[in-house]
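Chemist: everything below, folded, please.
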Amino acid sequence: MTIAYQVLGQGKPLIVIHGLFGTSDNLKQIAKSLSDQYKIYLIDAPAHGDSSTPDPLTLNNMAKAVLEFADQQGLTQFSLLGHSLGGKIAMEIALLENARVDKLIVADIAPVQYKSRHNHILKGLNSINLETLENRQQANETLSQFIDDVGVTGFLLKSLTRAEKPQSGWKWRFDLNALELGYENLIKGNSLLTYPGPTLYIIGGNSNYVLPEHKNEIVTRFQNTSVKVIQNAGHWLHAEKPTAFIKICRDFLA
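Modeler: Coordinates of the predicted model:
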């Protein structure tokens, strides 16, 4: 396994993991703001960006890939910050390796089984012929037939890039085939283990990803949990309210 990463700052290590269909750049603003006090390892999650894909693609294997990366960096102990799917991976790491995780921040995701909510996105992505695609605008028009949220289409198009020579055409900066095949594994609940360390859930007040009925599954696994809600923010809370998000992270990590 290869994990692509950027390093920012100096201090105690903090591994930052983005969500589904993203790359390390998605949380770079947050990482830069925290890098004055922490050494940030801003990674491309497995099957995303320039990182390789574990086989099969499961939360457990993604977590083990990040732990292998931590070994390669000589990190015996570190904190974690993960958003959405990155939060699920971060939770799995903490559940698997209690002693190695100093503190855990989970942004707008719970350790529960989710219903499929990305089928329209997968259909839209698969409807684009990357070999014949002429430009980004054409891709946007195709995606817009399946996705009515311009923010989501804009987010996805950030991962559309020209294929490297000698290949022609375009490519996605995520392993679309593997993510589609492994999707049901990624929306499963996390392992039924426990993590006793300090855990913070940051929730978007307008989001429906972390609900009151998820409380039992959270506290059963993460007994030392606190919760912060960012009002007037949705699932992309770190992008919508970065100042509030950064302050909450900084206060908890300190």
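Chemist: tell me the pLDDT at the residue lying farthest from the centre of the chain?
Modeler: Ranked by distance from the centre of the chain (CA atoms, centre = their mean), the top residue is Pro166, with 31.1 Å. Per-residue pLDDT puts Pro166 at 70.
Chemist: what sits against it?
Modeler: Shown in contact with Pro166 (CB atoms under 8 Å, 6 or more residues apart in numbering): no residues. Glycine gets a C-beta too; all of them are placed from N, C-alpha and C.
Chemist: tell me, how many residues neighbour the residue lying closest to Asn190 once chain neighbours are set aside?
Modeler: Excluding the flanking residues, the one nearest Asn190 by CB to CB, 6 or more residues apart in numbering is Pro111, at 3.7 Å. Pro111 has 24 neighbours, counted by other CB atoms under 10 Å.
Chemist: for the one 10 residues further on, same thing?
Modeler: Counted by other CB under 10 Å, the residues lying close to Ile121 total 19.
Chemist: who does the helix or strand harbouring Asp251 touch, helix- and strand-wise?
Modeler: Using DSSP states H and E, Asp251 sits in helix 242-253. Helix 242-253 is packed against helix 28-34, strand 101-107, strand 199-204, strand 225-230, with contacts defined by 3 or more CB pairs under 8 Å, 6 or more residues apart in numbering; DSSP states H and E.
Chemist: would you format those as JSON lines with mean pLDDT, mean neighbour count and distance to Ala139 included?
Modeler: Compiled in JSON lines, those are given as follows (pLDDT from 0 to 100; neighbours: other CB atoms under 10 Å; distance: least, CB to CB, whole Å):
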{"stretch": "helix 28-34", "mean pLDDT": "98", "mean neighbour count": "19", "distance to Ala139": "23"}
{"stretch": "strand 101-107", "mean pLDDT": "98", "mean neighbour count": "24", "distance to Ala139": "28"}
{"stretch": "strand 199-204", "mean pLDDT": "98", "mean neighbour count": "23", "distance to Ala139": "28"}
{"stretch": "strand 225-230", "mean pLDDT": "98", "mean neighbour count": "16", "distance to Ala139": "31"}
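Chemist: now the ones you listed in TSV, with distance to Ile147?
Modeler: Below are these laid out as TSV (distance: least, CB to CB, whole Å):
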stretch	distance to Ile147
helix 28-34	24
strand 101-107	22
strand 199-204	19
strand 225-230	24
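Chemist: do you know which of the ones you listed lies nearest Leu253?
Modeler: Nearest to Leu253 among these is strand 101-107 (6.1 Å), distances taken as CB to CB.
Chemist: low pLDDT regions in the stretch 1-150 of the chain?
Modeler: Nowhere does the stretch 1-150 of the chain drop to pLDDT under 70.
Chemist: can you pull out the strands in it?
Modeler: 5-8, 12-17, 38-43, 78-83, 101-107 (DSSP state E, counting those that start in this stretch).
Chemist: most tightly surrounded among those strands?
Modeler: strand 78-83 (a mean of 26; mean count of other CB atoms under 10 Å).
Chemist: before we move on, the earlier item: out of the strands of the stretch 1-150 of the chain, nearest to Trp236?
Modeler: Going by CB to CB, the one of the strands of the stretch 1-150 of the chain nearest Trp236 is strand 78-83, 8.5 Å.
Chemist: relative to that closest one, what are the paired strands and their orientations?
Modeler: Paired strands of strand 78-83, with direction, are strand 12-17 (parallel), strand 101-107 (parallel) (DSSP bridges).
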